[in-house]
Each structure stands twice: as C-alpha cells, then as structure tokens.
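# following is a predicted model, sequence given first.
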Amino acid sequence: MKTMRFKFLAGVVVAAGIGLALQTDVTNSTAEAAQTSAGQNDSGSMAAALRPFIERQEIAGAVVVLATKDRIIDREAVGYADLNGHRLMGVNDLFWIASMGKAMTAAGIMILVDEGKIGLDDPVVKYLPEFKNLVVADAQRAVEKKMPETAIGRSALVPVNTPITIRQILSHTSGLPFRSKAEPAALDLLPLDRSVLGYAAEPLVSQPGTAYLYSNEGINIAGRIVEVVSGMPLDVFMQRRLFEPLKMKDTTFWPNASQLGRLAKTYAGTSGTLSEVPISQLTYPLDDRQHRFSFPAGGLFSTGDDVAHFCQMVLNDGVFDGRRYLSSESIRLMTTKETGSAVAQEYGLGWNISGNIVEHAGAYNTDMEINLKSGLITVFMVQRDGSWKKDREKDLMQELDNAEKAFTH
C-alpha cells in the first residue's frame, strides 16, 4: 500500500525547478505580501488555483508552502479555517499532520543511530524483550488445512524465521499489521509501553523482510525504542533533539490553548455539502496530557512552515541553519529504497520514494514532498476527511498548471 499523494505537488516542484534561478531572488517579504489581519496570503498563484475548489466547497481552505534548502520561497493561505465561524485560513494555522509524523519519528531514530546507540539491523527484541517469541500467521497453511477463520489465530502459526529489525519497522517490512486489534478506536489512549505489549502478543502478517505492509505499529515501536534508549519520553526527546533545534515551534502532540485557536477545522462531505467533523482517530480535548498519549505514527500537529523546516534539514543533507542534525549517511538511508531486494515497493526510512521525489502524506490529505533533483520542497496543508478531488482532478491539474506558469515567469 502506498500513501496517497497529490500528483499536482510534484508538478509544482518540477515546474518551479525550471525557474529556480529566478526564484532565489524572491524574498520572504514577497511571500508575506498582501496578508490580511488573519495572516492570510491569498494573492499568489497557488491560492488562485485552489480557490475554485473552495468556492465549490470541495475543501474549506488550505495552506501551501514552497521552499528550497535554505529559504521559504512562497507561502499562501486561501479559504477558511472555520467555515461556520467565518475564520479565514492563515499561513500560520495549525493542522493535524497524521502520518507525516512517521518521517519525523524515523529522524528521531536516526539521531540515535548516528550517536552509535542503535543499529538499524539490531533486532527490536534487543531493546524491547516482549518481542522475543514472535509468530507469523501462516495463511497458506490455513488454506491447505481448510481451517475455519476462527481457528487460524490458534492453529496456523509458525515462528518467525528471523527477528524483526529496526530497519524493517521503519521501512514497513517487519510483517507487523497496520494496527492491533486490541487497540481502542482512538489511537492516542494508551502509552507506548502498553501499546507495544499488545503488538508483541499478536502474530505477524508475514515473515520479516518478505513483504511491504504499511504499519502504524512499526512506527510506534520505533517511538518506544527512542524512549528506552534515550531515557526520555518520546515527546521530550523529539522536542529537545528535533523540533526546537529546527525552529518547529508549533509541532506538538498536544496543542496548547493558543495553538488550538489556530487549528484548522476538519471537514467531510460531498462537493457543496462540507460539514465539520472531529478528528476521528484522536481523543478530545486535544490539550489533555492526562488521558492522551504521544502517538508517533500519526499524532503530531504542525504548521506549513514547521514542516518545511524539517524538509529543509532533509534536503540539505542533515544540516539546518548551519548546524548538522543528521549524518549524510542517515539522510541517504531515509531517502532511498530500504525495503530490500525481495520487496518491490519503494520506501525509505519514514519516506515514500518515487524517482527523485521523497514524500509523505497524512490521513486528512496533508502532504510534504522533496524533489531531490530540482531542490524544491512543497508542503500542502488541508483538513479534508476523505477524497475531494477524484472527479475534479483534470480541472485541478489544469488550474495548477496555469499557477505554475504564473509562479515561474
């Protein structure tokens, strides 16, 4: 399974790369021009391309950020963060970025790899002993023996051929399922130490290293390993070692009161009938630190600029603002195929791979892309539950093609 990605973002990046020499003269003052009191900058070509989709209520609003490895080229906000409250979308508004946080969790692991505290091919059981007796659900054996579905869990189990490794949990080749059957409906109700106990108690879907299966469980296990090795809660480690150094001031598992005031509302529905909905996978109130727990596979909130800063560090070979945070080797491993020769799916460590593009999307259609060839970053922020573009993709592509021309000339 490959994370859904917005094809138009790759087009924007490639087209922008053609005009890179021109764009390097564009300053942040240009990017911030024409902003309203709400912090909205809706005068650019990206906003113009998205506006028809807002007028048709296919989305409520969006933020687009374009960047190179050392500067923000353009940031645009269009539409509404709150339709009922008539609050305009602002360039600094907050979004639930969901699975985009997987790449950030992978970066946390790679910090410890660079420090020699973790090896990518170390077995998970080295750090989490509860994973010592893993078994695999042998579907072929169940078919051959004509076992009823209710008996498969008890009878069609075989030991793992090899222990799962850290490389495999970061590249979704561990054999772990997407999520545990024992987890509550909301994914932030259990601390990581309890979550991983449930993961270890259930069989794998496939033998480690033999198949690609996108897995929240794997990334949550990675987050727990960060806690065990660093001696810090995951959120503290990520804040100290990644978010604060990269000036990601609004990236958090628990938005505070001020940040909640800038949180874009989530919408669902068909074209013209958008309705506000809660974030179904999380627990409210979102600032509750007593009953909500860090969820490294998809619990982070962030802004367009914050995500762009993270991408700048990756694009700039592990360096941000002149300081190195990850080694060149760690960046190479994160952004090249790490799924092994037996698996066709191209996935690095926390990133989807497609040629020169590395990318990760989130559940509510947020997306971040890095074009390694052109050297441009695109961050798209929206809170749209479900697909909004299937029947409008040709129109969207045409409008954004026009926007690219306006932006690059």
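That came in fine, so what should we check first?
# quick one: least confident helix or strand in the chain?
helix 20-23 (a mean of 30; mean pLDDT, DSSP states H and E).
# how is this structure divided into domains?
Domain segmentation of the chain under automatic domain parsing yields 7-100+235-408, 104-232.
# and those as TSV, adding mean neighbour count?
C-beta: built from backbone N, CA, C; applies to glycine. Formatted as TSV, the domains of the chain follow (neighbours: other CB atoms under 10 Å):
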stretch	mean neighbour count
domain 7-100+235-408	19
domain 104-232	18
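# what pairs with the longest strand belonging to the chain, parallel or antiparallel?
Longest strand in the chain, counting residues (DSSP state E): strand 72-82. Here strand 72-82 has these sheet partners by DSSP bridges: strand 61-67 (antiparallel), strand 87-88 (antiparallel).
# now the residue positioned nearest the centre of the chain: how far from Gly298?
What sits nearest the mean C-alpha location of the chain, by CA atoms, centre = their mean, is Met100, with 0.7 Å. Relative to Gly298, Met100 is positioned 8 Å away (CB to CB, to the nearest Å).
# give me the common contacts of these two.
Residues touching both Met100 and Gly298 (CB atoms under 8 Å, 6 or more residues apart in numbering) are Gly362.
# correct me, but the residue nearest to the centre of the chain touches Tyr364?
No - applying CB atoms under 8 Å as the test, Met100 and Tyr364 come out as separate, 10.2 Å apart.
# thinking again about what came up before, in TSV: the strands paired with strand 72-82, plus distance to Ser215 and mean pLDDT.
Output for these, formatted as TSV (distance: least, CB to CB, whole Å; pLDDT from 0 to 100):
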stretch	distance to Ser215	mean pLDDT
strand 61-67	29	95
strand 87-88	36	96
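# so which of these is nearest Met104?
Closest to Met104 of these, according to CB to CB: strand 61-67, at 16.3 Å.
# hmm, Leu88 is touching Val63, no?
No - here Leu88 does not reach Val63: they are 11.3 Å apart, not a contact under CB under 8 Å.
# any residues in contact with both of the two?
Jointly contacting Leu88 and Val63 under the rule CB under 8 Å, 6+ apart are Ala77.
# please export the C-alpha coordinates of stretch 267-285 as CSV.
Extracted in CSV, the C-alpha atoms of stretch 267-285 (Å, rounded to 0.1, in the frame of the first residue of the first chain):
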residue,chain,number,x,y,z
TYR,A,267,-14.4,18.8,7.1
ALA,A,268,-16.1,15.9,5.3
GLY,A,269,-18.9,15.5,2.8
THR,A,270,-19.5,15.7,-0.9
SER,A,271,-18.9,18.7,-3.1
GLY,A,272,-21.0,21.7,-1.8
THR,A,273,-22.0,20.0,1.4
LEU,A,274,-19.0,20.2,3.7
SER,A,275,-19.7,19.5,7.4
GLU,A,276,-17.3,19.9,10.3
VAL,A,277,-16.2,16.6,11.9
PRO,A,278,-13.9,15.8,14.7
ILE,A,279,-10.5,14.0,14.2
SER,A,280,-11.8,10.5,14.4
GLN,A,281,-8.6,8.9,15.4
LEU,A,282,-7.8,11.2,18.3
THR,A,283,-9.3,11.9,21.7
TYR,A,284,-10.7,15.3,22.9
PRO,A,285,-9.8,17.7,24.4
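# what's that stretch in contact with?
With CB under 8 Å, 6+ apart as the criterion, stretch 267-285 contacts 56-60, 83-84, 96, 98, 186-189, 265-266, 286, 291-292, 295, 298-299, 363-364, 383-386, 388, 391-392.
# measure Phe310 to Gly79 for me?
For Phe310, the distance to Gly79 equals 24 Å [CB to CB].
# now Ala49
Separation of Ala49 from Gly79 (CB to CB): 12 Å.
# for the stretch 51-200 of the chain, give me the ranges with low pLDDT.
Segments of the stretch 51-200 of the chain classed as low confidence (criterion: pLDDT under 70) are 139-155.
# isn't Thr251 up against Phe243?
Yes - assessed by CB under 8 Å, Thr251 is found in contact with Phe243 at 4.8 Å.
# hey, what's in contact with both of those two?
Jointly contacting Thr251 and Phe243 under the rule CB under 8 Å, 6+ apart are Asp306.
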